[in-house]
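1. Next come a sequence and a model predicted from it.
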Amino acid sequence: MTAEPQFARLQNLVSSPQTRHHHTTEMVTTYYELVSDICQAGWGDSHHFPPLRPHETLDAAQTRSECALADRARLTTGQWALDIGSGVGGPALTIAQHSNAQVVGIDLSHLRTTKARERAARIGPSLPVQFVEGDATRLPFPDATFDVCYSFEAICHMPDKLQVHNEAFRVLKPGGRYLGYDWLAADGLDLADHEQYIEPICQYHGIPDLDTPTQLDERLRQAGFAEPQVTPVESPADMHRTWDLLERHDQLAHGLNDPVIAFMSSGAKALYQGARANKFTIGRWEAEKRPVSSGL
């Protein structure tokens, strides 16, 4: 399929919440086939939005955020971690190098999984990381396989978010830790706010819908995690710098006669405008699969 018919198909797939839910696999894989190379050229190999400290580069902020997650998870040699929605492999490769834990990345996109494998091969065979193509709502791993499951802004792309959390709970060992970041709609939005701010984010980023912080907390509890912690990212001031950087990247696309870049530009605007209006946020969660008491 050439790029033009692919793009026309994507526009149809993202056009309504109904089509996004009913055709999620095709929508997400088509979206990333079109945008992955552009994302890597403009945002690097880690496709997430870290808080930017003063005078910090994007790459440094992404690496700091990834290593900090590994440290909060207490990942170390001999443990196994699952990266849900691993993309082209940026966070998994950083975390494997930082912690020396064995990291397995899973992603729905064949293209992105292939790119992640190629990057890992260039680094070297001794790196404890592997990448699997698969569906996070049906993880191809036995129960109690991993010490840690995590995700960087990927679960938003999945239509049944509760099932993703259910699967994370299933494959975690007792005492295992589950943590990450995701795109969220603010709690309490009315229909007009949702249509103005959240629907464009979903349309231009191939997302079925967005949970709210309250919904994320409820889903984690429903999956079996006790007392999950759902909070905003570390520093609102640092996130302002991140959105300013995204806007500067967006401005570079102005005047380019490319429909895919124009589509991505509209998606960038939707993000930083929604964030600045406090209608959209990136939330952080941490939870634990508590061991079952023997009752003795």
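-> Received, thanks.
2. in its sheet, what does the helix or strand containing Leu184 sit against?
-> Secondary-structure element containing Leu184, defined by DSSP states H and E: strand 172-185. Strand pairing for strand 172-185, using DSSP bridges, gives strand 146-152 (parallel), strand 280-288 (antiparallel).
3. what does the last one rub up against?
-> Counting by Cβ atoms under 8 Å, 6 or more residues apart in numbering, strand 280-288 makes contact with 49, 72, 153, 175-186, 197-198, 201, 210, 213, 216-217, 220, 225-234, 239, 271, 274-275, all of which sit outside it. For glycine as for every other residue, the C-beta is placed from the backbone atoms N, C-alpha and C.
4. Using the three-state scheme, assign the closest residue to Met239 other than its chain neighbours.
-> Among residues not flanking Met239 along the chain, Pro51 sits closest, at 5.2 Å (Cβ to Cβ, 6 or more residues apart in numbering). Secondary structure, DSSP: H, G, I helix; E, B strand; the rest coil: Pro51 is coil.
5. Where does the prediction get shaky in the stretch 1-150 of the chain?
-> Residue ranges of the stretch 1-150 of the chain with pLDDT under 70: 1-4.
6. What is the longest helix of the chain by residue count?
-> Counting by DSSP state H, the longest helix found in the chain is helix 24-43.
7. what's that one packed up against?
-> Judged by 3 or more Cβ pairs under 8 Å, 6 or more residues apart in numbering; DSSP states H and E, helix 24-43 is in contact with helix 3-13, helix 110-123, helix 236-252, helix 259-276.
8. can you pull the buried residues of the longest one?
-> Yep, that's helix 259-276 we're talking about. By neighbour count on 16 or more other Cβ atoms under 10 Å, the buried set for helix 259-276 is 260-261, 263-265, 267-275.
9. who touches Ile38 in this structure?
-> With contact set as Cβ under 8 Å, 6+ apart, Ile38 has these partners: Val260, Ile261, Met264.
10. so can I have JSON lines of these showing distance to Val14 and pLDDT?
-> Formatted as JSON lines, the contacts of Ile38 follow (distance: Cβ to Cβ, whole Å; pLDDT from 0 to 100):
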{"residue": "Val260", "distance to Val14": "13", "pLDDT": "95"}
{"residue": "Ile261", "distance to Val14": "16", "pLDDT": "95"}
{"residue": "Met264", "distance to Val14": "12", "pLDDT": "96"}
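11. tell me which residues in stretch 67-77 are buried?
-> By neighbour count with 16+ other Cβ under 10 Å, stretch 67-77 contains the buried residues Cys67, Leu69, Ala70, Ala73, Leu75.
12. Now, the residues you listed that are in helices?
-> Using DSSP H, those in helices are Cys67, Leu69, Ala70.
13. Name the nearest of the residues you listed relative to His22.
-> Nearest to His22 among those, counting by Cβ to Cβ, is Leu69 at 33.0 Å.
14. Distance check, the closest one against Tyr150.
-> When distance is defined by Cβ to Cβ, to the nearest Å, Leu69 is 6 Å away from Tyr150.
15. which residues do these two both contact?
-> Ile95, Leu179, Gly180.
16. Got a ChimeraX select line for the buried ones in these?
-> In ChimeraX, a selection of the buried entries from these looks like this (16+ other Cβ under 10 Å):
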select :95,179,180
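17. Thr19: which of the shared contacts of Leu69 and Tyr150 is nearest?
-> Gly180 (27.1 Å).
18. Surely that closest one and Val148 touch.
-> No - with contact defined as Cβ atoms under 8 Å, Gly180 does not count as touching Val148 (10.1 Å).
19. mind checking pLDDT for Gly295?
-> pLDDT, Gly295: 53.
20. what sits against the closest residue in space to Ser235 that isn't next to it in sequence?
-> Spatial nearest neighbour of Ser235, chain neighbours left out: Pro51 (5.0 Å); criterion: Cβ to Cβ, 6+ apart. Applying Cβ under 8 Å, 6+ apart, we find Pro51 in contact with Ala61, Ser65, Val233, Glu234, Ser235, Asp238, Met239, Arg241, Thr242.
21. With Leu189 instead?
-> Counting by Cβ under 8 Å, 6+ apart, Leu189 touches Tyr197, Ile198, Thr212, Lys279.
22. what's the distance between the closest residue to the last one other than its chain neighbours and Ala154?
-> If I follow you right, that is Lys279. In space, and not counting its chain neighbours, Lys279 is closest to Tyr197: 3.9 Å by Cβ to Cβ, 6+ apart. For Tyr197, the distance to Ala154 equals 21 Å [Cβ to Cβ].
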